[in-house]
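Trainee: here are the coordinates; sequence isn't available:
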Ligand code: NAP
């Protein structure tokens, strides 16, 4: 059986996910899409040569009897609403990050899913599917570098649009680290502090860039994350873990070594789409396979979306206060215990 998918939001990542469902992944087909700009959605389908219906209202897509599962790739502010509607309709939903624009919004999704009684939500945190992060996780869990002590991370973009503001460094950018660092360390955040170094001249008045986010985990591990979204030189994701007997670092993405003009060099990627292509493929294929198998979803859960959002809300508070702020997360419900 082919899983029939409805996609809400046909912008940058919506188009990427539609393309991968059609051309890369197995067992699924996009049968309906919606975008607030329905003409844009039609043009996207034509451009991708896909035979599917276009609608202006995402709720219409969720209600279509021929749609088995939903992908939400619209603006952040709409994720909670469409995910809740999919749960209400009893349809599995892959929701891009963030699950909601606040922890409170994510909690509504968690509550609705628990009430439904079966996991229906996978959040689009793709880094746990990245080969490099998986290798780091294995090194941590098999004890190759002894007990974990520290992590040093960086999230650098070459540039961001004028609309990108200081808080978005947390809600749009750091949110990926907020998920993957919980997963890597198998731990929860205890405190967070945000420090602002000298601002780069490449930034604008509404964006303090770079920022350094300092975490203490509940088991005592310390993590520093540099967010630098106007670094000019490339899209560069770094993560080094330090244990009692060794260190391990995220591998650089594969790149051809060039010899030219008396230099040896490799290039650095500049686009987020390229850095995690394989991880995006695997996360969505996992969603499709899990839905088709009819058992429990295994990808990042609504609880993971909520936990990242609790940490994000606290980071926003720490940006303003400059103080070390406690991250207050409740006990994970048994419903989300990993089986
Ligand atoms: P984008 O290019 O602005 O696309 C969003 C699309 O959703 C636009 O086409 C927008 O309409 C449409 N839209 C807005 N409200 C809608 C509604 N109520 N119903 C239907 N469509 C609606 O943004 P993007 O970069 O694709 O990001 C989309 C989401 O994916 C964001 O939440 C973002 O955080 C997330 N994302 C995740 C990753 C990742 O690495 N996992 C990467 C990129 C983005 P218009 O045509 O009018 O603008």
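Mentor: Yes, it's here. Since this is a predicted model, take the numbers as computed values, not measurements.
Trainee: got the residues of the protein near the ligand?
Mentor: Selection of the chain residues close to the ligand by C-beta under 6 Å from any ligand atom yields 8-14, 34-37, 40, 58, 73-76, 78, 96-97, 124, 126, 172, 272. (Each C-beta comes from the backbone N, C-alpha and C, glycine too.)
Trainee: so which of these belong to strands?
Mentor: Among these, the residues falling in strands (DSSP state E) are 8, 34, 96, 124.
Trainee: wait, doesn't the second one sit right on residue 53?
Mentor: No - with contact taken as C-beta atoms under 8 Å, residue 34 and residue 53 are classed as non-touching, separated by 9.1 Å.
Trainee: and these two? Which one has more around it.
Mentor: residue 34 (26 against 18; other C-beta atoms under 10 Å).
Trainee: tell me who's in contact with that one.
Mentor: Residues in contact with residue 34 (C-beta atoms under 8 Å, 6 or more residues apart in numbering) are 6-10, 41, 54-58, 60-61.
Trainee: thinking again about what came up before, out of the ones in strands among the residues of the chain next to the ligand, who's nearest residue 164?
Mentor: residue 96 (17.3 Å; C-beta to C-beta).
Trainee: which stretches of the stretch 151-300 of the chain form strands?
Mentor: 189-195, 211-217, 222-228, 236-243, 247-249, 258-260, 263-265 (DSSP state E, counting those that start in this stretch).
Trainee: pairing partners for the helix or strand where residue 122 lies, with directions?
Mentor: Here residue 122 sits within strand 121-124, counting by DSSP states H and E. Strand 121-124 sits in its sheet next to strand 93-96 (parallel), going by DSSP bridges.
Trainee: ok, and what's touching the strand it pairs with?
Mentor: Against strand 93-96 from outside (C-beta under 8 Å, 6+ apart): 9, 13, 69-73, 79, 82-83, 86-87, 120-124, 284, 287, 299, 305.
Trainee: and the residue of the stretch 201-339 of the chain found nearest the ligand, how far is that from residue 232?
Mentor: Per C-beta to the nearest ligand atom, residue 272 is where the stretch 201-339 of the chain lies closest to the ligand, at 6.0 Å. For residue 272, the distance to residue 232 (C-beta to C-beta, to the nearest Å) stands at 16 Å.
Trainee: have a look at these two and say which one is more surrounded.
Mentor: Set residue 272 next to residue 232 and count neighbours by other C-beta under 10 Å: residue 272 wins out with 16 against 11.
Trainee: residues touching the residue nearest to the more buried one when sequence neighbours are not counted, list them.
Mentor: Take residue 272 and drop its neighbours on the chain: the residue closest to it by C-beta to C-beta, 6 or more residues apart in numbering is residue 235, 5.6 Å away. Applying C-beta under 8 Å, 6+ apart, we find residue 235 in contact with 156-158, 268-272, 274-275.
Trainee: would you list the phi and psi of residue 235?
Mentor: Residue 235 adopts backbone torsions of phi -90, psi 110, taken as degrees, to the nearest 10.
Trainee: and the helices in this protein?
Mentor: 12-23, 38-48, 58-63, 79-88, 103-116, 131-141, 168, 175-185, 272-275, 277-293, 302-321 (DSSP state H).
Trainee: and those as a markdown table, adding distance to residue 254 and mean pLDDT?
Mentor: What follows is those, written out as a markdown table (distance: least, C-beta to C-beta, whole Å; pLDDT from 0 to 100):
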| stretch | distance to residue 254 | mean pLDDT |
| --- | --- | --- |
| helix 12-23 | 20 | 96 |
| helix 38-48 | 27 | 95 |
| helix 58-63 | 37 | 98 |
| helix 79-88 | 33 | 98 |
| helix 103-116 | 35 | 98 |
| helix 131-141 | 10 | 98 |
| helix 168 | 30 | 96 |
| helix 175-185 | 20 | 98 |
| helix 272-275 | 11 | 91 |
| helix 277-293 | 11 | 98 |
| helix 302-321 | 28 | 98 |
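Trainee: can I get those helices in TSV including distance to residue 258?
Mentor: Converted to TSV, these look like this (distance: least, C-beta to C-beta, whole Å):
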stretch	distance to residue 258
helix 12-23	28
helix 38-48	33
helix 58-63	45
helix 79-88	41
helix 103-116	45
helix 131-141	22
helix 168	35
helix 175-185	30
helix 272-275	17
helix 277-293	22
helix 302-321	38
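Trainee: which of those helices sits closest to residue 30?
Mentor: Short answer: helix 12-23, nearest of these by C-beta to C-beta, at 5.2 Å.
Trainee: contacting residues for the nearest residue to residue 116 once chain neighbours are set aside?
Mentor: Distances taken as C-beta to C-beta, 6+ apart put residue 87 closest to residue 116, at 5.4 Å, once the chain neighbours are dropped. By C-beta under 8 Å, 6+ apart, the residues touching residue 87 are 93, 109, 112-113, 116, 120-121.
Trainee: now do 10 Å
Mentor: By C-beta atoms under 10 Å, 6 or more residues apart in numbering, the residues touching residue 87 are 62, 70, 93, 108-109, 111-113, 115-116, 118, 120-121, 302.
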